[in-house]
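Visitor: Have a look; sequence and predicted model below, questions after that.
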Amino acid sequence: SDRDWSSDVCSSDLTLLNQNAIELNNFYGKELNVRSSDQVGTFVYEYLNCPPHSHITDSGVESWDTDEDTLVNIYLNEVKDAQVRRVLSQIILCRKLFNVLNLLLTPCHMDRRMRTAYNLGGTTTGRTSTAQTYGEFLAIKKNKIVKCQYGTAFQKITKREFKFLDQSYGKDLREIYVPSPGYEFFAFDGKNAEGRVVCLLAEDWETLEYIESGNDIHALTASWIFQKPPEICKKDKEMRNIGKMARHAGNLGQSGAGLSTQVYKSIKYCNEVMDKFHKNAPKVKGVFQFQIQKAIEQYRILRNPFGRFRQFFKMDEKNRYDIYKEAYSYIPQGTVSDHFKMISLKIAERCPNVFQLVEAHDGLLYEIPKGFRDQFADIVLEETSGEIDFTQCTLPRTRKLKIPVEMEFSETNWASMAEYSRETAEVSK
């Protein structure tokens, strides 16, 4: 981990955080801790008089909703006052900056390595989750000696930066992470992995063949939304991103309200987007989601192709559609995650000289010896060429599915990954 580089980034982010925090405090007339749910709830709903959003806690107490999605929804859809909107945006921005700074300032272990801890049962779909490691040290904070943990959650260090409206933050986070001397990074991830699974389960063979032919499915989805050719949408980053997010939201049963907080557009606009998606991809609802609902109603159990199953309890009229949405994600996400876990085990057996650093649901990051790149790429292609058999899945399908991968490498840092292909390998030689 290159900590010297991170101090420069921290300085600029701290300056921006302090500027916005001072403005918020001056507006409020006292200090506002944007990370405190209680303080933000009081400020947003009682001081700013924003439309109320609350929930009942497990202890039976009503509590204000102050999560990011709720605040973004209020900002986009529920308030018109320019000053209130600016203040809400500053709260959201400050929280994002805190997230970036937390990743930058997380202490390394004594050997200057950053580590993470994996929880194999971290999610209900079978995906892993990551957290700080269990190693602890003592530090002084606000004149008190406190216990702190080493390491960070690697899955939070995303490939793409944190975004809000038209601004991006933390886009260079991965530059901190550098390979060990004599080693380089090598990564691979599935091409539209979950989308392929949904197409197969929806029996949408036309769309699946479109993807397998090498076409850009997100550009095609964007073309439905913006009424422009896929070639045009592919070149426009914003249009393609909305197409990508709309397909993901539609596959998993999200409404326009759910999409709104992801693309920072109004609910009305996003409802129209989702209508266009389902009009052009009717089998997502008509086959995939319909059959999931029937399976849940009849058996309360879903099983993915690898045998992983989940039981769904306590379904009633109040939570029926929430459980449906959880169920829609179970097989696609669990299938892809289990598929890549199996691949990682095979690679570990064949390559004792490489180190797996990150498992990110549909992809893996390794540290490999220099000079081993082409040989390792051949092994990756061999191990990822297998097909997934869906005959034992809750929604059985006779057609098998292959998930191709894209490969990247870097000799310098995690942010500077370059595409790997046989062509680039020959050029480097």
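Guide: Here it is on my side, so go on.

Visitor: How about Leu401, nearest residue that isn't a chain neighbour?
Guide: Ile388 (4.7 Å; CB to CB, 6 or more residues apart in numbering). Just so you know, the C-beta spots here come from the backbone N, C-alpha and C atoms, and that holds for glycine as well.

Visitor: what residue is smack in the middle of this protein?
Guide: With distances taken as CA atoms, centre = their mean, the residue of the chain nearest its centroid is Thr158 (7.3 Å).

Visitor: Secondary structure class of that one, three-state.
Guide: At Thr158 the chain is in coil, as set by DSSP: H, G, I helix; E, B strand; the rest coil.

Visitor: That one and Trp414: what is the separation?
Guide: 11 Å (CB to CB, to the nearest Å).

Visitor: circling back to that earlier point, residue contacts, the residue nearest to Leu401?
Guide: Ile388 makes contact with Pro305, Thr335, His339, Lys400, Leu401, Lys402, Ile403, according to CB atoms under 8 Å, 6 or more residues apart in numbering.

Visitor: Might one say that the second one is in contact with Gly195?
Guide: No: the pair Thr335 and Gly195 does not pass the contact test of CB atoms under 8 Å, sitting 12.0 Å apart.

Visitor: thinking again about what came up before, phi and psi next, for the residue nearest to Leu401.
Guide: phi -90, psi 130 (degrees, to the nearest 10).

Visitor: now swap in Glu419 and tell me
Guide: phi -60, psi 140.

Visitor: likewise Ser129?
Guide: Dihedral angles for Ser129 - degrees, to the nearest 10 - are phi -130, psi 160.

Visitor: So what pairs up with it in the strands?
Guide: As for beta bridges, Ser129 partners with Asn119 under DSSP bridges.

Visitor: quick one: it and Ala117 touch, right?
Guide: No: contact criterion CB under 8 Å: Ser129 and Ala117 do not qualify, at 9.4 Å.

Visitor: about what we covered before: would you mind giving the contacts of Ile388 as TSV with secondary structure added?
Guide: Converted to TSV, the contacts of Ile388 look like this (three-state DSSP):
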residue	secondary structure
Pro305	coil
Thr335	helix
His339	helix
Lys400	coil
Leu401	strand
Lys402	strand
Ile403	coil
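
Visitor: Next, count neighbours for the nearest residue in space to Leu220 that is not next to it in sequence.
Guide: Leaving out its chain neighbours, the residue that sits closest to Leu220 by CB to CB, 6+ apart is Pro230, at 4.9 Å. By other CB atoms under 10 Å, the residues close to Pro230 number 20.

Visitor: Pro230: what's it in contact with?
Guide: Here Pro230 is in contact with Asn215, Asp216, Ala219, Leu220, Ala222, Ser223 (CB under 8 Å, 6+ apart).

Visitor: Same question for Tyr28.
Guide: Neighbours of Tyr28 in contact, by CB under 8 Å, 6+ apart: Phe43, Tyr47.

Visitor: Please repeat the previous calculation with a cut-off of 6 Å.
Guide: Residues counted as contacts of Tyr28 (CB atoms under 6 Å, 6 or more residues apart in numbering): none.

Visitor: any idea how far it lies from Asp111?
Guide: 44 Å.

Visitor: Thought Glu387 was touching Lys400, still the case?
Guide: Yes: the criterion here is CB atoms under 6 Å, and Lys400 meets it with Glu387 at 3.9 Å.

Visitor: returning to that earlier point: more neighbours: Ser129 and Ala117, which one.
Guide: Ala117 (17 against 14).

Visitor: so who does that one touch?
Guide: Ala131, Thr133.

Visitor: If we use 7 Å, what do you get?
Guide: Thr130, Ala131, Gln132, Thr133, Tyr134, Gly151 (CB atoms under 7 Å, 6 or more residues apart in numbering).

Visitor: Quick check: which of those residues has the minimum pLDDT.
Guide: Scanning these for pLDDT, the low point is Tyr134. It has 66.

Visitor: Closest one of the contacts of Pro230 to Ser36?
Guide: Of all the contacts of Pro230, Ala222 has the smallest distance to Ser36: 39.3 Å, by CB to CB.

Visitor: just to revisit the earlier point, more neighbours, Lys400 and Glu387?
Guide: Lys400 (13 against 10).

Visitor: wait, isn't that one in contact with Thr391?
Guide: No: Lys400 is not in contact with Thr391 according to CB atoms under 7 Å; the separation is 8.7 Å.
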